[in-house]
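Participant: fold the following, please.
(chains A and B)
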Number of protein chains: 2
Amino acid sequence: MTSTAATDLIFGLTRVVGLPALTEKAGAPLGAEDIAQIITEADRFCTEVLQPDALAADRAGATYANGLVKTPPTYPAAYAKWVEGGWQSLSAPEAHGGQGLPAALWTAMVELGMAADASFMLGPLLTAGAIECLVHYATPDQAAKWLPKMVSGEWTGAMCLTEPNAGSDLGVLRTRAEPLGNGKYALHGQKIFITWGEHDCTDNIVYLVLARLPDAPPGSKGISLFVATKLKEDGSRNDLRCGGIEHKLGIHGSPTCVMLFEGAEAEMVGQPNRGLNAMFAMMNNARLGVGTQGVAHGAASLRLAEAYAAERIQGGGKPIAEHPDVQRMLMEMRAVTLAGRLMALETAICVDRHALFGDTAAQARQALLTPILKAWCTDRGVETASTGVQVHGGMGFIEETGAARMLRDARIAPIYEGTNGIQAIDLVVRKVAKDGGAEMRDLLAEVKRNPDARLRAAAERMEAATALVLETQGRDAAAAESVAVPYLEAAGWLVGGWMLARAAAEDGARYGALAEFYLRRLLPRSGGRIAEIEGALAA
Amino acid sequence: MTSTAATDLIFGLTRVVGLPALTEKAGAPLGAEDIAQIITEADRFCTEVLQPDALAADRAGATYANGLVKTPPTYPAAYAKWVEGGWQSLSAPEAHGGQGLPAALWTAMVELGMAADASFMLGPLLTAGAIECLVHYATPDQAAKWLPKMVSGEWTGAMCLTEPNAGSDLGVLRTRAEPLGNGKYALHGQKIFITWGEHDCTDNIVYLVLARLPDAPPGSKGISLFVATKLKEDGSRNDLRCGGIEHKLGIHGSPTCVMLFEGAEAEMVGQPNRGLNAMFAMMNNARLGVGTQGVAHGAASLRLAEAYAAERIQGGGKPIAEHPDVQRMLMEMRAVTLAGRLMALETAICVDRHALFGDTAAQARQALLTPILKAWCTDRGVETASTGVQVHGGMGFIEETGAARMLRDARIAPIYEGTNGIQAIDLVVRKVAKDGGAEMRDLLAEVKRNPDARLRAAAERMEAATALVLETQGRDAAAAESVAVPYLEAAGWLVGGWMLARAAAEDGARYGALAEFYLRRLLPRSGGRIAEIEGALAA
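Facilitator: Next up, the predicted model:
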């Protein structure tokens, strides 16, 4: 049986964001049936292979001893099935052994996988990020050496950016790369928070490492990108090791590693001192992945809450799902989750438009939507997971129920891949202020073409807020930063409502009630956040 | 050094809610110096005895083996100091060995204790609830047998209400009480979620147990209240035992027990079939305690976040506390925490007014404020703890930092002692609708006497929302229940702002900036929630 999430994803791809028309225009048409088949298969993999063991995997957690990491006992076999199913290759370029399918399909796969077991899915997500980086920046020789095995999933990829004193501010990182004279480098330094930095699912791991050359200028303009592999080309171990894993609030199955580079042999990728640019170029897509993860945490919480509310009898012999306040909670969870799901697809389809046709309007739209998607959907993921706990009452606090795990797991997504505060500043400074608000006004003009008067009014209020924030940004950057989060939130609640209204317009029987619930009860949150901005900036 | 929380509590008790005048009128005057001395001592106990070991206690957790529960290793000695300091007796009646001090002082103690170590403080909080119940319902003989040892803290109390199928709906509980012929009863049944139901801090435990007599009518009118003690009067073990403890999201140091009553000898307390009434009579005060717990989780999170933000350098060599968005997060945490703190004192002082002078207006005000306090402050506790995690960035997700523990611990408070959904229905149905909105209008009239125009406007909007919800309640109870949560939230944001404005009026130098932040940025959330109600109920 296809899950609700999969049904919505098929609908969203086919009828809301227009994947069939896009692929037809690109000469590799994917019809509604093709999309349904791929998503249904992905759904089956996630619900049959990953989901049943996810809670046990959380309980077992990743473990560390003597430089080695064991993932939860079920992961190596599940990962082998991931590789066997060819899932890693879904949207990777055909030139490197991939299937070359649209990013929007990969986004759907990320949601389904994250909802089934986020700890597991982080491995493939990080590998996909590493693949994308190498596709753009590796030489043909480098690409041939690394990419086919990464695309197949035979090797995983890990991104090594953060250091103890360099998190949001990568400019101060200290890892050194010493030239070895033969075109290679030796890496020395410590990286922290390295997701899937060491594990027992593959023999080899490809590390993308930010480090400084000996003569590099200080700050962010002196950082270069290197690749080191766990096993060197001759099969011997490289001089790098895992120094330990973190004891975290959630995603216990995903090893978060301290990685020690002790003279590891590495190659430079891309130009010297241009490493941060390579990372930034990848960042929009990585943030799309994490925003989608936020949607997935909500979706997984909703699945548990719906099942519990249908079965739990309290008060007059009725299942609690029939109590008005529980209905409210479930409706809110459904409406927010669907809004985020469609927002992720809308952003992903921009990636495809730009990749396939060099569509710069789509690129600008993606740039605008990405911080909104990343922050709004991950904050909603935490809220939705918390509401899911609440639906369970006392049982929600008991780990065996699974609802608590969703909240623990969801809590990382607003933090990593750029904190949500950084997303909001990115939106205000690098997206809205940079073009004087033009792209935001374009988006709002599109929203205002929707027939729903509530949406149009909310879009108008957002236009006024945009003007206010722009004016403030020009005069007092700190004041603008201090309202960046409510500004992003206001945009998120609006775009979410717009996505639902579009879904309802396509299929009112299925989505009309949910859209109406959102427009009545949740869209006002956009105006509420704008009231906070106005209050903050009032004379 | 006195903590910020203690300083605020002394100020709140002395200058906002008027404890000196109240106690003077009662003939047992407590001056500002007396209050400061008690709170400073309480603060010292909490920060010196409880707080240093709290994170290790969370890590160790309570453990269960063969019917016995071990609390974290530091708890028995800390509990002995709790008893030695006489803290349990603070507000217990002098007739039973207590100090007879106001409930408002006990509320301050609860906040400080919960902020230091919520898992520990739950033991004393539950004991206080049991004491209060017995003071009202036990016969003089029963009181003499149990109360002095509970008031001293030599024995703890546990409330045994919930059963696997009887949580929010206690009417369906099944535990049986069979008369033994000698005026005593034998209890048979299973109770779950029993906080501190078994532990190693005292020899004896007093259980207040809801059960049915053989001839009891079905439903909530057939429930009686019994007391069973772990050790019988002759010192032998009673026939009750702990069947296991729960594996929970948070409050790991607090044992949450399955309690098995296997013919345990018990006495009835109060009238047959009137057990739920006895419980309901206690409920307002228990909810005051849990609302205060919500404040404490926020306060503890704030303490960690402030320390981290002052030390962590990122971006231009500045501590992150100077970044505008981090400043916003810290200010929001501070403003919400202080608002909740003062709201708890305002509610507690009503308890004292009613207890000391039989003031029925104070009783009505307490009844109105209690669900708002319980739900608004516990939801804010979760949010504030989550914001505290966010301030820490990646370190917030690492358990060693402590911020994650606060979020895990905070998450229980919106659930127990009546879920926040039940609080909202209590507010709408049993508080506002019951008197046609009279007490709410009285409260709003008081708010409207505040000189701040923003507060007055928000109170007017709340009046209109009250009329709308009342009108709906009369016509369509389910529709009213479906907006009960946003209605309670709107009231909470308004009352919080009113408390801060009153603090700022007393000491603008200390509280003016915080109140202004709240009135500009957080008070609009009251109107935002009302917009949701209006949207939901729009034709």
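Participant: and A:I192, helix, strand or coil?
Facilitator: Here A:I192 is recorded as strand under DSSP: H, G, I helix; E, B strand; the rest coil.
Participant: what residues does it make contact with?
Facilitator: Taking C-beta atoms under 8 Å, 6 or more residues apart in numbering or on different chains, we find A:I192 in contact with A:T162, A:E163, A:P164, A:V258, A:M259, B:G394. Quick note: C-beta positions are derived from backbone N, CA and C, even for glycine.
Participant: what's the answer for A:Y185, then?
Facilitator: Contacts for A:Y185 (C-beta under 8 Å, 6+ apart) come out as A:A177, A:E178, A:P179, A:A211, A:F226, A:E265, A:A266, A:E267, A:M268.
Participant: list the buried residues in stretch A:137-147.
Facilitator: By neighbour count with 16 or more other C-beta atoms under 10 Å in any protein chain shown, stretch A:137-147 contains the buried residues A:Y137, A:A138, A:Q142, A:A143, A:K145, A:W146, A:L147.
Participant: can you list the residues that contact that stretch?
Facilitator: The contact list for stretch A:137-147 (C-beta under 8 Å, 6+ apart) reads A:92, A:96-97, A:131, A:134-135, A:155, A:206, A:225, A:227, A:229, A:233, A:267, A:269-270, A:278.
Participant: try it again with 10 Å
Facilitator: A:92-93, A:95-98, A:130-131, A:134-136, A:150, A:155, A:157, A:204, A:206, A:208, A:225, A:227, A:229, A:233, A:267-271, A:274-275, A:277-279, A:281-282 (C-beta atoms under 10 Å, 6 or more residues apart in numbering or on different chains).
Participant: just the ones of those in helices?
Facilitator: Here DSSP state H is the test, and the contacts of stretch A:137-147 give A:A130, A:I131, A:L134, A:V135, A:H136, A:M150, A:G275, A:N277, A:A278, A:M279, A:A281, A:M282 as lying in helices.
Participant: among the residues you listed, name the buried ones.
Facilitator: Among the ones in helices among the contacts of stretch A:137-147, those scoring as buried are A:A130, A:I131, A:L134, A:V135, A:M150, A:G275, A:N277, A:A278, A:M279, A:M282 (criterion: 16+ other C-beta under 10 Å).
Participant: and the strands in the stretch 201-350 of chain A?
Facilitator: A:205-211, A:224-229, A:240-245, A:256-269 (DSSP state E, counting those that start in this stretch).
Participant: give the other helices and strands that the second one contacts.
Facilitator: Put plainly, it is strand A:224-229. Applying 3 or more C-beta pairs under 10 Å, 6 or more residues apart in numbering or on different chains; DSSP states H and E, we find strand A:224-229 packed against helix A:103-137, helix A:140-152, strand A:156-160, strand A:176-179, strand A:185-195, strand A:205-211, strand A:256-269, helix A:275-311.
Participant: out of those, which is closest to B:A60?
Facilitator: For B:A60, the closest of these is strand A:256-269, at 22.9 Å, according to C-beta to C-beta.
Participant: okay if I get the strands of the stretch 201-350 of chain A as CSV plus mean pLDDT?
Facilitator: As requested, those are exported to CSV (pLDDT from 0 to 100):
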stretch, mean pLDDT
strand A:205-211, 98
strand A:224-229, 98
strand A:240-245, 98
strand A:256-269, 98
